[in-house]
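Visitor: Need coordinates for the following:
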Amino acid sequence: MGRILFMVLAIFLLLGAFSSPIADGIKGWRTEDTTEAYASVTTAAGVTTANVTLANDLYQDDVSEVITITSNVTGESPVATSYITATKKLLVSALNAATTRTLTINYYAETDSDILRVVGPFLSLLVIGGMLVGILYYGLKRGRG
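Guide: Numbering: from 1, shown residues only. Prediction:
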């Protein structure tokens with residue numbers, strides 16, 4: 001019983017130490033750091049948002065995967081507000097009303113690799129699950145020997 005408790009504790013310690021670097025590495029395989037410029041993004045009077053159509057799919061369809069948005073208009077601090085997967089439209093807010101600007105958007109785009117698009121969501125489970133199975137197998141085998 002003591003060995004099993006030790007193995008469970010070892011698994012939790014290893015997961016705590018390695019799960020974040022593993023997830024970051026997998027994200028690196030599944031994404032491409034992409035920068036695109038959008039000229040002539042115009043807002044009407046009283047409107048402080050604008051849609052831009054990204055050239056690539058936003059990683060995990062999550063606006064937190066937008067790294068930075070910059071504007072050539074002094075004083076603007078644009079923010080990604082929402083994303084529509086079907087049209088690749090990113091809603092950008094915190095813009096000055098009645099202004100035309102160039103927005104530069106840096107974001108993590110989903111990879112074009114068909115294999116990574118299919119297997120990618122499961123890579124963390126496969127890697128971390130494989131570590132767990134290996135630790136348990138080694139611990140149980142060693143306990144018998």
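
Visitor: Over to the residue nearest to E32 when sequence neighbours are not counted. Which of the three states is it?
Guide: Distance criterion C-beta to C-beta, 6 or more residues apart in numbering; nearest residue to E32, sequence neighbours excluded, is A109 at 4.9 Å. C-beta: built from backbone N, CA, C; applies to glycine. At A109 the chain is in strand, as set by DSSP: H, G, I helix; E, B strand; the rest coil.

Visitor: ok, how many other residues are close to A109?
Guide: A109 has 20 neighbouring residues, counting by other C-beta atoms under 10 Å.

Visitor: ditto for R101
Guide: For R101, using other C-beta under 10 Å, the count is 19.

Visitor: Quick one: residues contacting it.
Guide: The contact partners of R101, taken as C-beta atoms under 8 Å, 6 or more residues apart in numbering, are V41, T42, S71, N72, V73, E76, L95.

Visitor: in the sheet, who's paired with the nearest residue to T35 once chain neighbours are set aside?
Guide: Nearest residue to T35 in three dimensions, chain neighbours excluded: N106, at 4.6 Å (C-beta to C-beta, 6+ apart). Judged by DSSP bridges, the bridge partners of N106 are T35, T68.

Visitor: buried residues in whichever helix or strand I11 is part of?
Guide: For I11, the element it lies in under DSSP states H and E is helix 2-30. Residues of helix 2-30 classed as buried: M7, I11, I22, I26, K27, R30 (neighbour count, 16 or more other C-beta atoms under 10 Å).

Visitor: could I get those as TSV with distance to D57?
Guide: Shown next, in TSV, are the buried residues of helix 2-30 (distance: C-beta to C-beta, whole Å):
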residue	distance to D57
M7	40
I11	34
I22	23
I26	17
K27	14
R30	11
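
Visitor: Between those residues, which sits nearest L54?
Guide: Closest approach to L54 among the buried residues of helix 2-30 (C-beta to C-beta): R30, at 16.3 Å.
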